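Enquirer: no sequence on this one, just coordinates:
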Ligand SMILES: C[S@@+](CC[C@H](N)C(=O)[O-])C[C@H]1O[C@@H](n2cnc3c(N)ncnc32)[C@H](O)[C@@H]1O
């Protein structure tokens with residue numbers, strides 16, 4: 001892996017029509033690079049990580065989401081059921097895509113994409129990140145894929161506003177392909193966002 005990732009095609013893994021899904025190549029690269037003995041994916045969504053892990057022969061990986069399809073695991077209220085040496089986390093980017101009640105099922109109060117405000121979202125994300133970090137084995141890593149976004153001409157940098165839950169080991173830029181904002185021609189000096197951040201935190205002590 002290098003500090004810039006670019007996958008022009010998203011790959012075959014998971015549901016490509018699950019809104020806000022990610023390319024399976026990110027997860028494939030993480031698993032091949034870090035070679036975890038046990039792998040946990042939270043915010044499993046359209047099953048991208050599940051299918052990548054299955055293809056790589058992981059028989060003990062765990063995939064969780066509030067979406068009832070993945071057992072309705074609630075990142076805010078439920079314990080992390082396993083201790084692993086790699087967690088891949090791809091949370092909602094606040095309300096860029098609203099999940100419960102729109103992508104699946106009924107509206108759920110603890111859906112991070114339904115947080116009451118941006119600050120409420122950041123506070124909740126911080127709580128989840130600490131919980132995930134605490135669940136890791138010493139030496140393990142938490143990889144968080146997260147984007148920036150604009151709403152009503154205001155720029156939100158989630159990676160600037162969130163607390164870092166441990167030692168930042170790598171900050172990787174992932175280029176986005178085929179995003180709507182990259183396709184349009186905008187008037188004025190508008191810079192479309194065509195990248196996301198993959199932050200890798202390492203748990204160094206108990
Ligand atoms: C960006 S999507 C993940 C997409 C996934 N990586 C994929 O490729 O399909 C974010 C996910 O977070 C889930 N989610 C939102 N709030 C949650 C919570 N409190 N606990 C667990 N999952 C939650 C949503 O159901 C949604 O599936």
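Expert: Done, it's in. In this text the structure is predicted, and so the values were computed from the model without any measurement.
Enquirer: Now look at the longest helix seen in the chain and say if it contacts the ligand.
Expert: Criterion DSSP state H: the longest helix present in the chain is helix 118-135. No: if you take C-beta under 6 Å from any ligand atom as the test, helix 118-135 misses the ligand, and the best it gets is 7.3 Å. Where C-beta positions appear, they are placed from N, C-alpha and C, glycine not excepted.
Enquirer: Check the residue nearest to residue 203 when sequence neighbours are not counted and give its pLDDT.
Expert: Using C-beta to C-beta, 6 or more residues apart in numbering and skipping the chain neighbours, the partner closest in space to residue 203 is residue 136 (4.3 Å). Among the per-residue scores, residue 136 shows a pLDDT of 98.
Enquirer: if I pick residue 136, what's in contact with it?
Expert: Contact analysis of residue 136 by C-beta atoms under 8 Å, 6 or more residues apart in numbering lists 83, 84, 85, 87, 142, 203.
Enquirer: quick revisit: pLDDT averaged over whichever helix or strand comes after the longest helix of the chain - what is it?
Expert: Later in the chain than helix 118-135, the nearest helix or strand by DSSP states H and E is strand 141-147. Regarding strand 141-147, the rounded mean pLDDT is 98.
Enquirer: Also stretch 3-15?
Expert: For stretch 3-15, the mean pLDDT works out to 96.
Enquirer: That stretch near the ligand anywhere?
Expert: Yes: for stretch 3-15, a contact with the ligand is found by C-beta under 6 Å from any ligand atom, at residue 14.
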